[in-house]
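> Quick one, fold the following:
(chains A and B)
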Amino acid sequence: MEKEITAREAADILSELADLMEIKGDNRYRIRAYQNAARSLSSVSEELKVLVAEDRLTEIKGIGEGLSATIKEIFATGTADQLEELKRELPAGLLDLIEVPGVGPKRAHQLYYQLEVSGVEDLKKALQEKRVRELEGFGPKLAKNLKEAVARYESFQERMKINEADCLAERIGEHLERKPELYLKYTTAGSLRRRKELVKDIDILMIPADPESDGLENHLRELEGLHKVESAGSSKITLVLESGVKVDFRLVAEDEFPAALIYFTGSKEHNVKLRQLAKEKGYFLNEYGLFSRENRENREDSEGREDFAERGDSGENEDLKDPEDGEYREDLDLSESSRGGNLGKKSEGDAASGFSSEGDESAESGIYHFFGLDFIEPELREDRGEIEAARKGELPDLIDFSDIRGDFHLHTRYSDGAYGIEDMAVAARELGYEYLAVTDHSKSLRIASGLSEERLREQLEEIGRLKDRISGIRILSGIEVDILPDGGLDFSDDILRRLDLVIASIHSGFNQSREENTGRLVEACRNPEVDIIGHPRGRLLGRRDAYRVEMAEVIEAAAETGTCLEINASPSRLDLDDLLARQAASRGVRLAISTDAHHTGELSDMRLGADVARRAWLEKQNVLNALPLDDLLEFLA
DNA sequence: GCCGTTTTCGGCCCGACTGTTTTCAGTCG
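Just a heads-up that it's a prediction; the model follows:
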């Protein structure tokens, strides 16, 4: 059965249609109509199925008879004749071309029709050969900027945002779980497991049920979205997806799993430190296990891995794993049961499926404990002092998503959000929160329909009414007030004072000097009405660098004034990043993790923010929204 | 292509910024 098209997906198709129409040079107002329709369609709360069945699409603002017919066609067939025709006419690469910052539809049009540039690669070549000079409006500076933009585009192409990587990993997991007989266990490793904000490829560690069988390889060949199997050996299978993303499967024996998981989780720097520790103790560590150096010599005389796979079924490994034993005895020869003995963990039987992490921790902790270290969470494994801290028993008690009690930064239909206050509150309540703050844009941000004083008053009234109607979650009134180019705020203190919570953010004047931007943020910190500085560095991953700002000064100002800094959990921002958040916390600044959700679904981006916080070594007490409601209210007062 | 209504077609969001120009076009948000 065909997959049913959702409103969101239909909206995406309309957007694509609009993009192609734009490149082709269609009527701009017609294009805008498509874009408008896409936007309103993507934010309808009703199911597309229902809207189509009841022929009520034209009730949606921006959708008339024509677009209603197009949307019905998309719902019925998954595409539209118009779109297919445009796709035949214009190369697909043009859609990539307009993803390059600085190239919009007009320039893409020029490039394609005058220079036959039909993709990013072509553009790169045309820039190198200086052919773009032939085009009207393309001067030397633009050429230089485009060169940089292409370089950034390409480097970004190599890495995907963590939420995209999560999606892919989930899809692969679903595919694997259709044939659970193929493996004993699998789990993600690499930078995805360390929860880095950008991920280059996906590493999956697996214990195959039968290393000799080619069943796994054959099953992987049926993965949806597969471009090709790049390599397939006994210990590694590499897939290339249509999106260009590589997926590495590392295949290990059961007893190799703990060491392999540490090795493939990395980081490289962390692993180097661990291996140094091993050496000091007269052992060595690699992806197959932890070995005494003495036996290593023996091993090199014999044949390698086969030897390891044979051992490991004796009971010693279980003893090693038992935390009740405390420190491993120095005299314990890890390889006594056979050559190459290691700290393997026997399968728990039911741990066979899913990206389980419980089992992973206990598997790995044996090795850490052996070195006299506390277990080190994957998010900390960057050689940023975690090994030293683990030795002293001073690792942080990391914050967890389950510690989060509310969200401070979200938008509703009052500005550029897709849902009403009530919808967002109910969705937040479903996440188990105690509170949320409604923080729409302020008046100067016209592009996002920023609130006038009047609209803000209306919103306050609605929040007042909802407080009685919605139980189980407290709705706080707030605003994301613009820090204006001159450093002032978009609303007077008198107005801000009436709100429960104020976030101040920069959305304009990005090109001011370092001193000016720093001054704007410091001034915002000093305003007693401001509780949180929103997305302090203003970066958009892969699209826009952070604006110039001296964060150390901002952090000091935040520390002095008790202002919180935001960890914006939107996967395109993740701003502050792990390093700056850690720096801020070390200066005593509290961090507010918030999603900047414009949609109910985006409220769950909170997990990504929590990941950043964990990478920043944050504990509960460093995080404003880990506070219970009463403590929060006291803080805000 | 949609909307509103001046019921039959004209107007459709807009300011900042950059780089190209010599008064504006393209992009971005």
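> Would you mind finding the longest strand in chain A?
Criterion DSSP state E: the longest strand present in chain A is strand A:474-482.
> Do a quick rundown of the strands in the stretch 251-400 of chain A.
Here the stretch 251-400 of chain A has its strands, by DSSP state E, counting those that start in this stretch, at A:283-286, A:289-292.
> among the ones you listed, which is the most enclosed?
Across those, averaging neighbours per residue (mean count of other CB atoms under 10 Å) puts strand A:289-292 on top, at a mean of 25. Backbone N, C-alpha and C define where each C-beta goes, glycine included.
> which helices and strands sit right next to that strand?
In this structure, strand A:289-292 makes packing contacts with helix A:257-265, strand A:283-286, judged by 3 or more CB pairs under 8 Å, 6 or more residues apart in numbering; DSSP states H and E.
> still on that earlier bit, residue A:133: which of the strands of the stretch 251-400 of chain A is closest?
Closest approach to residue A:133 among the strands of the stretch 251-400 of chain A is made by strand A:283-286 (54.4 Å; CB to CB).
> ok, now which ones touch the residue nearest to residue A:442 when sequence neighbours are not counted?
Spatial nearest neighbour of residue A:442, excluding adjacent residues (CB to CB, 6 or more residues apart in numbering): residue A:490 at 3.9 Å. Contacts for residue A:490 (CB atoms under 8 Å, 6 or more residues apart in numbering) come out as A:442-445, A:450, A:481-484.
> Now do the SS call for residue A:103.
coil (DSSP: H, G, I helix; E, B strand; the rest coil).
> Now it, what are its backbone angles?
phi -110, psi 120 (degrees, to the nearest 10).
> how about it, what does it touch?
Residue A:103 is in contact with A:97, A:111, A:123, A:146, A:149, counting by CB under 8 Å, 6+ apart.
> Buried ones from those residues, can you make that a PyMOL selection?
Buried subset of those, written as a PyMOL selection, criterion 16 or more other CB atoms under 10 Å:
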select buried, chain A and resi 97+111+123+146+149
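> Any idea how many residues pack against residue A:135?
As a burial measure, residue A:135 scores 17 neighbours (other CB atoms under 10 Å).
> Give me the pLDDT for it.
Here the pLDDT value assigned to residue A:135 is 89.
> quick revisit: take the contacts of residue A:103 and write them to CSV, including secondary structure, pLDDT and distance to residue A:590.
Output for these, formatted as CSV (DSSP: H, G, I helix; E, B strand; the rest coil; pLDDT from 0 to 100; distance: CB to CB, whole Å):
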residue, secondary structure, pLDDT, distance to residue A:590
A:97, helix, 90, 44
A:111, helix, 91, 49
A:123, helix, 93, 45
A:146, helix, 90, 42
A:149, helix, 82, 37
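> so which of the contacts of residue A:103 comes closest to DNA strand B?
Nearest to DNA strand B out of these is residue A:149 (CB to the nearest atom of the strand; 7.7 Å).
> Just to check, the closest one is in contact with residue A:101?
Yes. With contact defined as CB atoms under 8 Å, residue A:149 reaches residue A:101; the gap is 4.7 Å.
> Include pLDDT, neighbour count and distance to residue A:396 when you put the contacts of residue A:490 into JSON lines, please.
JSON lines is the format used below for those (pLDDT from 0 to 100; neighbours: other CB atoms under 10 Å; distance: CB to CB, whole Å):
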{"residue": "A:442", "pLDDT": "94", "neighbour count": "29", "distance to residue A:396": "36"}
{"residue": "A:443", "pLDDT": "90", "neighbour count": "18", "distance to residue A:396": "41"}
{"residue": "A:444", "pLDDT": "88", "neighbour count": "18", "distance to residue A:396": "39"}
{"residue": "A:445", "pLDDT": "88", "neighbour count": "20", "distance to residue A:396": "37"}
{"residue": "A:450", "pLDDT": "90", "neighbour count": "23", "distance to residue A:396": "38"}
{"residue": "A:481", "pLDDT": "95", "neighbour count": "30", "distance to residue A:396": "33"}
{"residue": "A:482", "pLDDT": "94", "neighbour count": "24", "distance to residue A:396": "35"}
{"residue": "A:483", "pLDDT": "95", "neighbour count": "26", "distance to residue A:396": "32"}
{"residue": "A:484", "pLDDT": "92", "neighbour count": "16", "distance to residue A:396": "38"}
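> and stretch A:539-553, how far apart are its ends?
The first and last residues of stretch A:539-553 sit 18 Å apart, counting by CA to CA, to the nearest Å.
> what about it, average pLDDT?
The pLDDT scores in stretch A:539-553 average 84.
> From residue A:630, how far out is residue A:610?
Using CB to CB, to the nearest Å, we find residue A:610 at a distance of 22 Å from residue A:630.
> Pick out whichever of those two has more residues nearby.
Legend: neighbour count by other CB under 10 Å for residue A:610 and residue A:630, higher for residue A:610 (25 against 9).
> State the phi and psi torsions of the more buried one.
Dihedral pair for residue A:610: phi -60, psi -40, per degrees, to the nearest 10.
> which secondary structure elements does the longest strand of chain A contact?
strand A:435-441, helix A:453-469, strand A:501-505.
> what does the last one rub up against?
Contact partners of strand A:501-505, identified using CB under 8 Å, 6+ apart, comprise A:408-409, A:437, A:439, A:476-483, A:489, A:496, A:524, A:527, A:529-535, A:566, A:594, A:636.
> Say whether DNA strand B is contacted by it.
No. Using CB under 7 Å from any atom of the strand, strand A:501-505 stays clear of DNA strand B, coming no nearer than 10.9 Å.
> Could you spell out the sheet neighbours of that strand, each with its direction?
Paired with strand A:501-505 in the same sheet, following DSSP bridges, are strand A:474-482 (parallel), strand A:532-533 (parallel).
> which element follows it toward the C-terminus?
Counting by DSSP states H and E, the next helix or strand C-terminal to strand A:501-505 is helix A:514-526.
> Tell me which other helices or strands that following helix touches.
If contacts are counted by 3+ CB pairs under 8 Å, 6+ apart, helix A:514-526 sits against strand A:532-533, helix A:551-561.
> can you do 10 Å?
If contacts are counted by 3 or more CB pairs under 10 Å, 6 or more residues apart in numbering; DSSP states H and E, helix A:514-526 sits against strand A:501-505, strand A:532-533, helix A:551-561, strand A:564-568.
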